[in-house]
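Enquirer: Return atomic coordinates for the entry below.
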Amino acid sequence: MTTMTLPELAKKMAGIDFSMLQTHTASGEIAGRPMSNNGDVEYDGDSWFFAYEDANFVGELEANPACALSFTGSKSLLGKPPLFVAVEGRGEIIREKAQFERHWQDSMKRWFKDGTDTPGMVLIKVHAVRITWWEGEDEGEIRV
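Expert: Coordinates of the predicted model:
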């Protein structure tokens, strides 16, 4: 196992925008869907995603906040192996407009036409508890 700090891992993750968010359905199955950080990727153990309140996974997180994220980096131009990151965490649904504004990116208007005033919009915060990563033959774990 290789040692890496959270800031070192964050630097490697800086170019990764999309992740898969996995939640627990009401029947106990695991469901996943792609989510975008929308450029808000200064990773400190918290991930932020905008969604509509009526999306299934919002209710799933409210019922059971245990969730997971997976990230995959692309292969670098220098022939380095891709980075894979698995995050075990706790999801939180945020409805405060001040938080919306802190994490808003104008590119989000594609999905949320009224910006931070979009009716039914929520912000999802996933706080990491355990992060496991793999990069070529190196691997490690960070407890947050």
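Enquirer: what residues does stretch 57-71 touch?
Expert: 13, 16, 18-26, 31, 33, 35, 47, 51-52, 83-93, 122, 124, 126, 128 (C-beta atoms under 8 Å, 6 or more residues apart in numbering). No exception for glycine: its C-beta is placed from N, CA and C like everyone else's.
Enquirer: Now it: buried residues?
Expert: F57, V58, E60, L61, P65, C67, A68, L69, F71 (16 or more other C-beta atoms under 10 Å).
Enquirer: Check stretch 11-29 too.
Expert: When burial is assessed from 16+ other C-beta under 10 Å, stretch 11-29 yields the following buried residues: K12, M13, I16, S19, L21, Q22, T23, H24.
Enquirer: phi, psi of the residue most central in space within the chain?
Expert: By C-alpha atoms, centre = their mean, the chain has its centre lying nearest to S47, at 4.2 Å. With angles defined as degrees, to the nearest 10, S47 sits at phi -120, psi 150.
Enquirer: Cool, thanks, talk later.
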